[in-house]
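Colleague: Okay, sequence plus prediction incoming.
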Amino acid sequence: MQDAPSSLDLTAVLRWHLDAGVDETIGDAPINRYVAAATAPVVTPQVPSSVIQTPRPAPIAAPAASPTSAHIAQGCTTLAELKAAVESYDGCTLKAFATRTVFSDGVQNARVMVIGEAPGEDEDRQGKPFVGVSGQLLDRMLGSVGLSRETNTYITNIVFWRPPGNRKPTAEEIVLCMPFVQRQIELLDPAVLLLVGGPSASTILANPLGITKLRGKWFDYESPGLPRPVPTLATFHPAYLLRSPQQKRLAWRDLLVFKQRLDSLSKT
């Protein structure tokens with residue numbers, strides 16, 4: 001490449017630029033580069049979103065868990081406390097459909113404890129277990145072997161509220177109520193248990209067999225809060241006997257066996 005010409009020879013300077021490849025030396029208007037540099041916008045470099053550190057919100061404390069029925073039941077030291085706890089318990093949806101809580105009836109120092117299935121319409125209205133037609137039959141059955149809710153028997157169910165339409169209580173409903181029932185047994189500490197009906201028998205005995213196979217046989221009910229196992233017998237529910245009166249003879253046999261065991265325990 002040839003040397004740049006002197007600035008005084010303007011024609012030669014122009015030709016030198018053309019030879020060097022410059023085909024445009026100025027625009028249509030003059031530009032002050034110093035002013036342009038001072039007013040140029042500031043460009044902020046873009047940071048990939050993957051490296052942006054977003055401040056994390058402070059953790060929200062979880063709400064305190066509601067006490068379970070087992071926890072509530074174990075905190076009760078008397079039947080009166082347990083009854084109040086059941087009446088204030090809202091963990092079972094059955095309560096929303098019931099008129100009253102049906103906790104128990106009978107003598108609170110009884111040697112005999114009877115456990116049924118669930119309250120019916122009459123029980124829901126009066127707040128006591130076994131007061132309807134089937135309850136009247138139960139009273140006659142107990143009376144035939146010298147037992148009475150007024151003198152020596154305590155009666156309850158495996159759930160404390162009437163299921164809508166008198167349907168059977170669901171497994172979930174029974175599970176929610178069972179800690180209260182178990183605590184009832186522990187606090188009463190009966191000499192013997194009488195379970196009436198299939199749901200009561202299979203639940204208390206933790207045995208899936210039907211009532212026809214469980215009835216008339218002795219089992220031992222055990223619980224951590226009991227000083228000893230409680231002899232337990234199952235029989236037909238009075239409501240079933242009203243529908244199937246031919247089975248009353250088997251229920252009568254069960255009651256005789258029950259009475260015999262109770263009498264033998266009272267002598268020891």
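Modeller: Received it, and whenever you're ready, just let me know what you need. Keep in mind that this is a model prediction, so the values were computed, not measured.
Colleague: mind checking how far the closest residue to residue 205 other than its chain neighbours is from residue 239?
Modeller: Leaving out its chain neighbours, the residue that sits closest to residue 205 by Cβ to Cβ, 6 or more residues apart in numbering is residue 219, at 5.4 Å. (Each C-beta comes from the backbone N, C-alpha and C, glycine too.) Distance of residue 219 to residue 239, given as Cβ to Cβ, to the nearest Å: 22 Å.
Colleague: And residue 210, by the same measure?
Modeller: Residue 210 is 16 Å from residue 239, by Cβ to Cβ.
Colleague: More neighbours: which of those two?
Modeller: With neighbours defined as other Cβ atoms under 10 Å, residue 210 and residue 239 compare such that residue 239 has more, 21 against 11.
Colleague: list the contacts for the closest residue to the more buried one other than its chain neighbours?
Modeller: Excluding the flanking residues, the one nearest residue 239 by Cβ to Cβ, 6+ apart is residue 134, at 4.1 Å. Contact analysis of residue 134 by Cβ atoms under 8 Å, 6 or more residues apart in numbering lists 120, 237, 238, 239, 242.
Colleague: Out of those residues, which two sit at the greatest distance?
Modeller: Using Cβ to Cβ, the pair of those lying farthest apart is 120 and 242, separated by 12.0 Å.
Colleague: more neighbours, these two?
Modeller: Neighbour count, other Cβ under 10 Å: between residue 120 and residue 242, residue 120 has more, with 22 against 13.
Colleague: Next one: that one from residue 237, what distance?
Modeller: 11 Å.
Colleague: what do you get for residue 228?
Modeller: Residue 228 is 27 Å from residue 237, where distance means Cβ to Cβ.
Colleague: And these two? Which one has more around it.
Modeller: Neighbour tally, residue 228 and residue 237, criterion other Cβ under 10 Å: the higher count belongs to residue 237, 24 against 8.
Colleague: Is that one in contact with residue 116, as I believe?
Modeller: Yes - assessed by Cβ atoms under 8 Å, residue 237 is found in contact with residue 116 at 6.7 Å.
Colleague: who touches both of the two?
Modeller: The contact sets of residue 237 and residue 116 overlap at 196, 197, 200 (Cβ under 8 Å, 6+ apart).
Colleague: Closest to residue 101 out of those residues?
Modeller: Nearest to residue 101, judged by Cβ to Cβ, of the shared contacts of residue 237 and residue 116 is residue 200 at 18.2 Å.
Colleague: wait, residue 176 sits on residue 90?
Modeller: No - if you go by Cβ under 8 Å, residue 176 and residue 90 don't touch, sitting 10.6 Å apart.
Colleague: Give the full set of residues in contact with the spatially closest residue to residue 207 that is not a sequence neighbour.
Modeller: Among residues not flanking residue 207 along the chain, residue 214 sits closest, at 6.3 Å (Cβ to Cβ, 6+ apart). By Cβ under 8 Å, 6+ apart, the contact set of residue 214 is 198, 201, 202, 205, 207, 234.
Colleague: For ChimeraX, write a command that selects the buried ones of these.
Modeller: Selection of buried members from those for ChimeraX, criterion 16 or more other Cβ atoms under 10 Å:
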select :198,201,202,205,234
